[in-house]
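**Q** need the 3D shape of this:
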Amino acid sequence: MTDEHGDDDPHFWLNPTLAKIMVDNICNEIILLDKQNEKFYKTNSDEYKKQLDILDSEMKDILKNAKRDILVFGGEFAYSYFLSKYNIKYETAYLSAHGESEPSPAVINRLYNYVKTNKIPVVMREEFDTDNIAKAIANGYEGCEVLVFSTIHNISKDEFDKGISFIDKMKENIKNVEKALN
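**A** Here you go, the predicted model:
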């Protein structure tokens, strides 16, 4: 996605519509390797895409009743595909998905004041970031909490052992976004 963050956000899978394309591509490649089980792969692919459709529908329902249409990020910015999909506005401390440099004190202060003035209930951060910047911003409004918006690069061994999937992680993201928008 190209926006003021340039082409540096590779997290297209956070958009359920694009994730469905990934599922189709993966399924088609697997079928090329194992044609005799095509029906099995197609059935699983279709079921997984239905789960992605449910996520998409849940997010759209949340937006219909949301009190606000903006998220505040205090960590690396890796959400342009998700935000664009749902037309959610944002304020962010970082200008890229890579966070090569720390935000300036002026940027942190601007977001601190934004959170305070607008009584923002949640500041989001990426799962791999420390919460230092997000906490500094969240301190602008009493009761503001820092929540994770996972970019779902991977899951930990512990999560894998517990059967946690991409769908589970997206459900958690959507729950946190709902809290942030209300």
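**Q** when you work out contacts or count neighbours from here on, use the C-alpha atoms and nothing else.
**A** Will do.
**Q** residue contacts, residue 70?
**A** Applying C-alpha atoms under 8 Å, 6 or more residues apart in numbering to residue 70 gives the contacts 88-91, 181.
**Q** give me the phi and psi angles of residue 124.
**A** Per-residue torsions, residue 124: phi -90, psi 150 (degrees, to the nearest 10).
**Q** now residue 92
**A** Dihedral angles (degrees, to the nearest 10) for residue 92: phi -140, psi 150.
**Q** can you name the residues bridging to it?
**A** residue 73 (DSSP bridges).
**Q** ok, how many other residues are close to it?
**A** Residue 92: 21 surrounding residues under other C-alpha atoms under 10 Å.
**Q** same check on residue 115?
**A** When counting by other C-alpha under 10 Å, one arrives at 23 neighbours for residue 115.
**Q** now it: how far from residue 20?
**A** According to C-alpha to C-alpha, to the nearest Å, residue 115 and residue 20 sit 35 Å apart.
**Q** just residue 122 next, same as before
**A** 29 Å.
**Q** which parts of the chain are helices?
**A** Taking DSSP state H, the helices of the chain run over residues 16-33, 38-65, 80-86, 105-118, 132-138, 157-161, 166-181.
**Q** what does stretch 171-182 rub up against?
**A** 55, 59, 62-63, 66-71, 120-123, 147-150.
**Q** and the most far-flung residue of the chain relative to its centre, what's its pLDDT?
**A** Relative to the centre of the chain, the most outlying C-alpha is that of residue 36, 36.5 Å out, by C-alpha atoms, centre = their mean. Listed pLDDT for residue 36 reads 98.
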